[in-house]
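Engineer: Next one to model:
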Amino acid sequence: MTLQTFLNELLDAGFALERVVEPQAAEEARRIDERRFLKTRQMPFFIAVRMRKTR
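Structural biologist: This is a model prediction of the structure:
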């Protein structure tokens, strides 16, 4: 399922999008694995959304 489909289905069901957060690795993680750190900065492993029921 794409992000577009996921969010649009929730919006169509009567939810309002309040916030989107893409958690990112802490700067200290760069020292452990810089390649993975940079990858997660470009494409997060997960996304958090806050939705509110409007109908």
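Engineer: use CA for all of it now, contacts and neighbours both
Structural biologist: Will do.
Engineer: Mind jotting down where the strands sit in the chain?
Structural biologist: For the chain, the strands defined by DSSP state E cover 15-21, 48-53.
Engineer: Adjacent strands (with direction) for the last one?
Structural biologist: The strands that strand 48-53 pairs with in its sheet are strand 15-21 (antiparallel) (by DSSP bridges).
Engineer: Show me what the helix or strand of the chain with the lowest mean pLDDT is packed against.
Structural biologist: Ranking every helix and strand in the chain by mean pLDDT, DSSP states H and E puts helix 34-42 at the bottom, with a mean of 89. Here helix 34-42 touches helix 29-32, going by 3 or more CA pairs under 8 Å, 6 or more residues apart in numbering; DSSP states H and E.
Engineer: which helices and strands sit right next to the helix it packs on?
Structural biologist: helix 34-42.
Engineer: in the helix it packs on, what's buried?
Structural biologist: Neighbour counts over helix 34-42 (16 or more other CA atoms under 10 Å) mark 37, 40 as buried.
Engineer: give the contact list for the spatially most central residue of the chain.
Structural biologist: Geometric centre of the chain, nearest residue: Ile47, 1.8 Å, by CA atoms, centre = their mean. By CA atoms under 8 Å, 6 or more residues apart in numbering, the residues touching Ile47 are 20-23.
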